[in-house]
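Q: curious how this folds, go ahead:
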Amino acid sequence: MEFNKDVTELLKKAGWKEGRKVSLKELELPLDNYPNFIIEFLQEYGNLKIDCEKQDYSDVANELYLDASIPKEKLEGDHYIPYYQSIIKRTFFPIGLYLPDSYDICCDVDGRVYKIGEYCFYVGKNLYEGIENILLMNTLQSLQLDEDTGKWWNMKGEYVPLP
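A: Alright, predicted model coming up:
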């Protein structure tokens, strides 16, 4: 898979180039059981600070840090990631941080991408779609978790199945 042209340009501005390979040591993965497809993705795109596409309606500068080195304590106890894992019964593998909102970006074993913080959003069915949606500020396809029911609702407020 590949990113579209707009995302590729944002990645290049952040320092990415074809053939890039970050070492596992540099990635500082917080868990030992990352699926290979996530490791391969992070070896190519990890440790980049990427400016999201600028939106006409806002002066806020959004950034995505593709940095998986999250403190292990955020993966335990009374933090957002373990809380949402307990609701949807999936393990999340941290892959980055979205700022200024301070949402952790995580991927599950099936490749789905989530923004996790005060709320939990599904943002894409695979790493490329999820990261693309974040960088291009495409929120229309996002789903939000209803914490009380464990169901997902779309931007129209309708419950829908997780793709």
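Q: please make it C-alpha for all contacts and neighbour counts, starting now.
A: Noted.
Q: pLDDT below threshold where in this structure?
A: The model of the chain has pLDDT under 70 over residues 56-57.
Q: for it, what's the longest strand?
A: Assignment by DSSP state E gives strand 93-99 as the longest strand of the chain.
Q: what bridges to the most centrally placed residue in the chain?
A: Centre of the chain computed as the mean C-alpha position; nearest residue by CA atoms, centre = their mean is Ile105, 3.0 Å away. Here Ile105 sits in beta bridges with Gly96, Lys115, as judged by DSSP bridges.
Q: when you give positions from now on, start the count at 43
A: Renumbered: residue one is now 43, and that last one reads Ile147.
Q: sorry, back to before: and the longest strand of the chain, C-alpha only, in CSV?
A: Provided in CSV are the C-alpha atoms of strand 135-141 (Å, rounded to 0.1, in the frame of the first residue of the first chain):
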residue,chain,number,x,y,z
PHE,A,135,-0.4,-0.9,19.8
PRO,A,136,0.7,2.7,20.1
ILE,A,137,2.1,4.2,17.0
GLY,A,138,2.0,8.0,17.6
LEU,A,139,0.6,11.1,19.1
TYR,A,140,-1.8,13.7,17.7
LEU,A,141,-1.3,17.3,18.9
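Q: where along the protein do the helices fall?
A: For the chain, applying DSSP state H gives helices covering 47-55, 66-69, 78-87, 122-130, 169-177.
Q: can you pull the buried residues of the shortest one?
A: It refers to helix 66-69. Leu69 (16 or more other CA atoms under 10 Å).
Q: packing partners of it?
A: Applying 3 or more CA pairs under 8 Å, 6 or more residues apart in numbering; DSSP states H and E, one finds that helix 66-69 makes contact with helix 78-87.
Q: so how far is the helix it packs on from its chain's centroid?
A: Centroid separation for helix 78-87 versus its chain: 13 Å, with CA atoms, centre = their mean, to the nearest Å.
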